[in-house]
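In: Using only what follows, build the 3D model:
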Amino acid sequence: MTFQGLRIAGPRSGPYVLGEPLDVFDDQLHLGRLNQVSTSPDGGELRLEDFRTTDLKRLGTWRTARLIVVEVLSFFVDRYPAISAIGIVLSADIEAFEAQEEGATRLAGARARMLQSVGVQDIQVMPRPHPRHAAHFVVGGVWLYNRDNARLLTDVLQEERAVYAGRLAAVPPAEPLPRSMLSRLLSKDRG
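Out: Numbers count the residues shown, from 1 in each chain. Alright, predicted model coming up:
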């Protein structure tokens, strides 16, 4: 089976309703959640913030978090054509990065480059106090709907899906679970 993209759903895996949090899945595996989706009074603008990955260590790479953000942005662009601007704010802690020396700065830089790669403009990196880390940054910007940004987003989405599918294909199939002592004894009795 070919990887076609991540599945996006509303709370409790139901259909998504604009303004609610949304969940991101790979088949049945929950990858993350976007907790805040705010709409402007006229419905022409969105603000997306509080992205949370389920467990980045289990996901294996920063690229998966990148795919999640790009899939979510593409989801809104494709399904809500009346939206002309989408504000994105990335601020979630990623312990593996932030605990390292200069990790918070590197993480902020990676987030800014990722947003820029899909056409986000007016990118700002702002310090934000954090109880466990000396440095913590919020990265945000605005994605404006236009033909160039839409093409750029589509290209990056295809690239990220290909990288993710390649990583999935490289994972060896799971070993069959060892049979329990009881099942081995029962199979001997039948034979």
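
In: quick check, distance from the helix or strand hosting residue 71 to the centre of its chain.
Out: Residue 71 is part of helix 62-79, with elements assigned from DSSP states H and E. Distance of helix 62-79 from the chain centroid (C-alpha atoms, centre = their mean, to the nearest Å) equals 6 Å.

In: Sheet partners, orientation included, of whichever helix or strand comes after that helix?
Out: Once the chain leaves helix 62-79, the next helix or strand it forms, by DSSP H and E, is strand 85-90. Applying DSSP bridges, strand 85-90 is found paired with strand 45-53 (parallel), strand 137-144 (antiparallel).

In: Can I get the ones you listed in TSV including mean neighbour count and mean pLDDT?
Out: C-beta coordinates here come from the backbone N, C-alpha and C atoms, glycine included. Rendered in TSV, the data for the strands paired with strand 85-90 read as follows (neighbours: other C-beta atoms under 10 Å; pLDDT from 0 to 100):
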stretch	mean neighbour count	mean pLDDT
strand 45-53	18	90
strand 137-144	20	92
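
In: before we move on, the earlier item: what sits up against the helix holding residue 71?
Out: Identification of contacts with helix 62-79 by C-beta atoms under 8 Å, 6 or more residues apart in numbering yields 5-6, 8, 16, 22, 24, 31-32, 34, 46, 48, 51, 53, 56, 59, 83, 86, 88, 90, 94, 110, 114, 118, 143, 145, 150, 153-154, 156-157, 160-161, 163-164, 167.
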